[in-house]
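Asks: Using only what follows, build the 3D model:
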Amino acid sequence: MMRAAMGVGQTTEAQADRGSPRMSRDKDLRAMLRAQADQIAALTALVTKLAIPDAPAPTQTPAPVAPAVPTIKTSDLLERWKDAKARLKSFACDYSRGLRILKWTPKDGRFAGIALGDRDPMSLTPEDADAYWVWRMATTTRRKKEPSPALINREVMMLLRILNFAASRKTIPANPIRGFGIEDENNAREVVVEEHGFGKIIAAMEKDLRMKALATLAYDSAMRKTELLLCRWSWLDIDRHQVHIPGAVAKNGEKRVADLTDRAWAAISAMPIVLGTDLVFANPETREPFDGRWIHELFVRAVEASGVTGRDGTPPRLHDLRRSWVTLARRRGIPESEIMAKSGHKDHKVFRRYSIVDETDLQRSYEIMEQGRVIDVRNIEILGFGSRRGPQRANNDPEEKKGRGSK
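Replies: Below is the predicted model:
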């Protein structure tokens with residue numbers, strides 16, 4: 001029994017000893033399989049990471065993305081500019097130009113149907129300014145005419161001013177359309193009203209004594225339209241024939257003195273005076289200055305009735321009377337420095353646009369040079385001038401002559 005039991009136990013241990021190598025091989029196989037699985041997983045992750053995504057099908061169109069609601073609008077920048085610049089003399093015109101361009105709404109593109117004033121300022125691009133130019137040139141002004149390049153330039157420049165102001169106040173990081181170039185205006189006028197033409201214009205005004213006085217003062221003093229409309233009795237120095245224009249009214253901010261001719265003073269004295277105001281040309285109903293557009297319209301009517309035109313056939317405007325004064329003053333021999341002092345020009349480039357040189361001036365310069373040449377030749381004949389070295393001294397001393405001959 002004991003031997004049998006011992007035999008059984010020995011057989012079991014022997015079987016266990018024979019099975020241990022197989023278990024070891026199975027364990028090694030499982031470890032190898034796990035290692036291969038880990039390698040495959042690592043390679044799969046690497047391939048997925050480096051894989052290039054497939055391009056969308058040609059027929060697929062990405063859905064349009066609606067512009068985000070801006071935290072600040074371009075119209076808000078205009079209002080902030082208004083609060084800071086309301087003291088400017090040109091504020092009313094500048095503000096109206098800003099409103100006009102910010103109301104413009106493009107018809108195509110990402111921002112189609114959204115006005116410039118309702119957009120984020122940083123979403124504006126130079127292409128928006130170009131598109132506004134194209135649209136504005138297709139419109140008409142109040143006078144039923146095509147807007148001039150100068151008019152559109154002022155509107156676009158107003159948008160630039162608004163954005164520059166916002167950038168200077170750190171409201172926006174920078175001006176998104178900074179550097180946008182304005183178009184060539186090519187609006188230099190060369191209309192000069194001669195005395196006979198001015199007389200016809202004054203005659204066409206008939207019984208409008210106030211308009212006659214304003215036009216005469218403009219023609220004889222080179223005052224700007226704003227200076228004329230704001231002219232006050234306290235500015236007039238009748239004894240010295242002067243109009244003292246303060247710097248607060250002058251365009252360049254510097255005071256100056258203009259001419260008050262006898263003809264202009266006679267016209268002013270003949271017109272009815274409005275009591276209760278210091279304005280020379282006051283509206284009798286409101287005691288306030290006249291509207292500049294109304295004065296312009298009255299002058300245009302008088303010019304049309306008179307039939308006066310410039311040498312190129314262009315009818316003169318009220319501002320052309322200022323150009324005429326500058327040109328006539330130069331023709332009459334007044335030095336350029338004095339003309340600029342009275343007209344208020346500080347830049348010679350701008351002054352030359354007002355001082356018109358035509359064929360009459362060229363002919364006059366020839367006549368002046370010819371007269372000078374004749375006088376010089378006559379002086380040479382009378383005074384005995386020989387050459388450019390000046391008059392030659394007559395020498396009749398024989399000793400000196402002999403000395404020169406010996407040399």
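
Asks: Could I get the phi/psi values of Met211?
Replies: Its backbone dihedrals place Met211 at phi -70, psi -40, with angles given as degrees, to the nearest 10.

Asks: Need the pLDDT of it.
Replies: The model reports Met211 with a pLDDT of 96.

Asks: for Met6, same thing?
Replies: At Met6, the pLDDT value in this model is 44.

Asks: for Leu50, same thing?
Replies: Looking at Leu50 specifically, the model assigns a pLDDT of 65.

Asks: Next: Thr125.
Replies: 92.

Asks: and it, what does it touch?
Replies: Contacts for Thr125 (CB atoms under 8 Å, 6 or more residues apart in numbering) come out as Pro176, Ile177. Heads up, the C-betas are built off the backbone N, CA and C, glycines and all.

Asks: Next one: it from Pro289, what distance?
Replies: Computed with CB to CB, to the nearest Å, the distance linking Thr125 and Pro289 is 41 Å.

Asks: And Ala166, by the same measure?
Replies: According to CB to CB, Ala166 and Pro289 sit 33 Å apart.

Asks: If you count surrounding residues, which of those two has more?
Replies: Here Ala166 and Pro289 are compared on neighbour count by other CB atoms under 10 Å; more neighbours surround Ala166, at 22 against 18.

Asks: list the contacts for the more buried one?
Replies: If you count contacts by CB under 8 Å, 6+ apart, then Ala166 has Leu77, Arg80, Trp81, Pro121, Ile172, Asn175 around it.

Asks: Of these, keep whichever come out buried.
Replies: Among the contacts of Ala166, those that count as buried by neighbour count (16 or more other CB atoms under 10 Å) are Leu77, Trp81, Pro121, Ile172, Asn175.

Asks: Can you tell me which of the residues you listed is closest to Met32?
Replies: For Met32, the closest of these turns out to be Ile172, at 65.9 Å, with distances computed as CB to CB.

Asks: Using the three-state scheme, assign that closest one.
Replies: Remark: Ile172 carries the secondary structure label coil [criterion: DSSP: H, G, I helix; E, B strand; the rest coil].

Asks: That one touches Pro121, doesn't it?
Replies: Yes. Ile172 lies in contact with Pro121 (CB atoms under 8 Å); the separation is 5.1 Å.

Asks: shared neighbours of these two, anything?
Replies: Ile72, Leu77, Leu163, Ala166.

Asks: Sitting in helices, which of the contacts of Ala166 do you find?
Replies: With DSSP state H as the criterion, helices contain Leu77, Arg80, Trp81 from among these.

Asks: can you redo these as a markdown table with distance to Leu151?
Replies: Below are these laid out as a markdown table (distance: CB to CB, whole Å):
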| residue | distance to Leu151 |
| --- | --- |
| Leu77 | 22 |
| Arg80 | 25 |
| Trp81 | 20 |
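
Asks: Make JSON lines out of those and add pLDDT.
Replies: Listed next are these as JSON lines, based on pLDDT from 0 to 100:
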{"residue": "Leu77", "pLDDT": "95"}
{"residue": "Arg80", "pLDDT": "94"}
{"residue": "Trp81", "pLDDT": "94"}
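
Asks: Nearest to Arg25 among these?
Replies: Within the ones in helices among the contacts of Ala166, the smallest distance to Arg25 is 82.0 Å, found for Leu77 (CB to CB).

Asks: Contact partners for the closest one?
Replies: Leu77 is in contact with Pro121, Ile162, Leu163, Phe165, Ala166, Thr171, Ile172, counting by CB under 8 Å, 6+ apart.

Asks: got the contact list for the fourth one?
Replies: Which is Phe165. Contacts of Phe165 were listed using CB under 8 Å, 6+ apart, and they are Leu77, Arg80, Trp81, Ala84, Lys85.

Asks: Quick check: chain neighbours aside, which residue is closest to the fourth one?
Replies: Leaving aside its sequence neighbours, Ala84 sits nearest to Phe165 (CB to CB, 6 or more residues apart in numbering; 7.2 Å).

Asks: The one you found sits in which helix or strand?
Replies: Under the criterion DSSP states H and E, the helix or strand holding Phe165 is helix 149-168.

Asks: list the buried ones in that helix?
Replies: Using 16+ other CB under 10 Å as the burial criterion, the residues of helix 149-168 that qualify are 149, 152-167.

Asks: just stretch 213-226 next, same as before
Replies: Within stretch 213-226, the residues that count as buried by 16+ other CB under 10 Å are 213-225.

Asks: ok, now stretch 281-294?
Replies: Phe281, Ala282, Asn283, Pro289, Phe290.

Asks: Going by distance to Arg30, which of these wins?
Replies: Pro289 (104.0 Å).

Asks: Just give me the neighbour total for the spatially closest residue to that closest one that is not a sequence neighbour.
Replies: Residue nearest to Pro289 in three dimensions, not counting chain neighbours: Leu229, with 4.4 Å by CB to CB, 6+ apart. Counted with other CB under 10 Å, the burial measure for Leu229 works out to 21 neighbours.

Asks: got a pLDDT number for Leu229?
Replies: For Leu229, the model assigns a pLDDT of 95.

Asks: same thing with Ser365?
Replies: Per-residue confidence (pLDDT) for Ser365: 68.

Asks: May I ask which helix or strand encompasses the nearest residue to Met158 once chain neighbours are set aside?
Replies: The spatial neighbour of Met158 that comes closest, neighbours along the chain excluded (CB to CB, 6+ apart), is Arg97 at 4.3 Å. Secondary structure here is read from DSSP H and E; on that basis Arg97 sits in helix 91-102.

Asks: hey, which helix or strand in this structure has the poorest pLDDT?
Replies: Among the helices and strands of the chain, strand 390-391 carries the lowest confidence by mean pLDDT, DSSP states H and E, at a mean of 44.

Asks: So which residues of the stretch 251-400 of the chain form helices?
Replies: Here the stretch 251-400 of the chain has its helices, by DSSP state H, counting those that start in this stretch, at 262-270, 292-306, 320-331, 336-343, 348-354, 359-383, 398-406.
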